[in-house]
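Peer 1: quick one, structure for this:
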Amino acid sequence: MPSVVIAAFEGWNDAADAATGVIRHLASTYPTELQYRLDSEEYYDFQATRPRVELIDNEPQISWPATEVSLCHLPHRDALLISGPEPNMHWRSYCTSLVSAIRSAEPEIVIVLGAMLTDSPHSRPLPVNASSSHGGLTTELGIAPSDYEGPVGIVGVLADACDRVGLTCVTLWASVPHYVATPPSPKATLSLLTRVEDLVDEALDPGEIPELAQAWERGVNELASNDPDVAEYISDLEEQQDAEELPDTTGDTLAAEFQRYLRRRNL
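Peer 2: Alright, predicted model coming up:
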């Protein structure tokens, strides 16, 4: 049985495709089999989330938007991957269907990924905000309960549905610099993948994502160097973030992070 569930959804919850990028990476890196698709007729408005025509063996075929549930074989455990466009309607019945599938897998933890546009500078590690209502996780991993109030997407609704049936659920939100919001954002995807490693306590193959993240950062640096106003704005963001992070950079914090790194790699 899968010991972990990892979910991400295209659209409002997925700035620069950073969250669904984690799902695509895992599915392409490790052996993965599609288990089933949720009936798209019930959950998608095809005028808002349109089907696409694709050429398969030079024959046009219609690809309909759908939520896919796949089984991914990580090195030391199986993971149930859930991904698809954010549904346009019937969110409660949609989450009921997904929670039913999740409960049948009896996972140790459910991880729901999202990405949002923020004023984080691209030249610094992109923050990932983690939240959970599970008391054990908030103590063990230092994950705070969410204090957010405002509009929510399917990430928040699914996490709430998991909480209500007693599933251990964590939401991870990556910060994507708002001034480079065009997909992809490999640096944000890498930040999410690293936090997923922490939660599953297992080293995951990052593939080419680190190199892509470095190339992405160099590209943004080049663009900024040609615009003094943008360069000054980024410099202000860097100073602000550096000042905010100073109190958290303690010996205990660094030691705990290093111990997690060694444990994941069995060193």
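
Peer 1: ranges for the helices of this structure?
Peer 2: 18-29, 40-43, 91-105, 135-140, 154-164, 186-200, 209-225, 228-245, 251-264 (DSSP state H).

Peer 1: how about a markdown table for the ones you listed, with mean pLDDT added?
Peer 2: Written out in a markdown table, the entries for the helices of the chain read as follows (pLDDT from 0 to 100):
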| stretch | mean pLDDT |
| --- | --- |
| helix 18-29 | 98 |
| helix 40-43 | 92 |
| helix 91-105 | 95 |
| helix 135-140 | 67 |
| helix 154-164 | 96 |
| helix 186-200 | 96 |
| helix 209-225 | 95 |
| helix 228-245 | 89 |
| helix 251-264 | 51 |
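
Peer 1: so for Glu54, which of the ones you listed sits nearest?
Peer 2: helix 40-43 (15.5 Å; CB to CB). Every C-beta, even on glycine, is put in place using the N, C-alpha and C of the backbone.

Peer 1: how about Leu204, nearest residue that isn't a chain neighbour?
Peer 2: Leaving aside its sequence neighbours, Leu204 sits nearest to Glu197 (CB to CB, 6 or more residues apart in numbering; 5.2 Å).

Peer 1: surely the one you found meets Ala203?
Peer 2: Yes. At 6.4 Å, Glu197 counts as touching Ala203 under the criterion of CB atoms under 8 Å.

Peer 1: identify the residues contacting Pro60.
Peer 2: Contact analysis of Pro60 by CB atoms under 8 Å, 6 or more residues apart in numbering lists Val53, Glu54.

Peer 1: nope, Ala181 is what I meant
Peer 2: Ala15, Ala16, Leu117.

Peer 1: picking up where we left off before, out of the helices of the chain, which comes closest to Val5?
Peer 2: Comparing those by CB to CB, helix 91-105 comes nearest, at 5.3 Å.

Peer 1: tilt between the closest one and helix 154-164?
Peer 2: On the basis of axes from the mean of the first three to the mean of the last three CA atoms, to 10 degrees, helix 91-105 is oriented at 50 degrees to helix 154-164.

Peer 1: which helices and strands does helix 91-105 pack with?
Peer 2: Taking 3 or more CB pairs under 8 Å, 6 or more residues apart in numbering; DSSP states H and E as contact, the helices and strands that helix 91-105 lies on are strand 4-10, helix 40-43, strand 78-85, helix 154-164.

Peer 1: taking the ones you listed together, which one is wrapped up most tightly?
Peer 2: strand 4-10 (a mean of 24; mean count of other CB atoms under 10 Å).

Peer 1: let me have the helices of the chain in JSON lines, adding distance to Ser70 as columns.
Peer 2: Formatted as JSON lines, these follow (distance: least, CB to CB, whole Å):
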{"stretch": "helix 18-29", "distance to Ser70": "6"}
{"stretch": "helix 40-43", "distance to Ser70": "16"}
{"stretch": "helix 91-105", "distance to Ser70": "11"}
{"stretch": "helix 135-140", "distance to Ser70": "25"}
{"stretch": "helix 154-164", "distance to Ser70": "17"}
{"stretch": "helix 186-200", "distance to Ser70": "16"}
{"stretch": "helix 209-225", "distance to Ser70": "19"}
{"stretch": "helix 228-245", "distance to Ser70": "36"}
{"stretch": "helix 251-264", "distance to Ser70": "23"}
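
Peer 1: which among those helices is found nearest to Tyr179?
Peer 2: Comparing those by CB to CB, helix 228-245 comes nearest, at 7.0 Å.

Peer 1: who touches the residue lying closest to Leu167 once chain neighbours are set aside in this structure?
Peer 2: Of all residues not flanking Leu167 in the chain, Val110 sits nearest, at 5.3 Å (CB to CB, 6+ apart). Val110 is in contact with Val4, Val5, Ala7, Ile102, Ala159, Cys162, Leu167, Thr168, Cys169, Val170, counting by CB under 8 Å, 6+ apart.

Peer 1: which two of these have the greatest separation?
Peer 2: Val4 and Ala159 (14.8 Å).

Peer 1: pull out the buried positions in stretch 91-100.
Peer 2: Trp91, Tyr94, Cys95, Ser97, Leu98, Val99 (16 or more other CB atoms under 10 Å).
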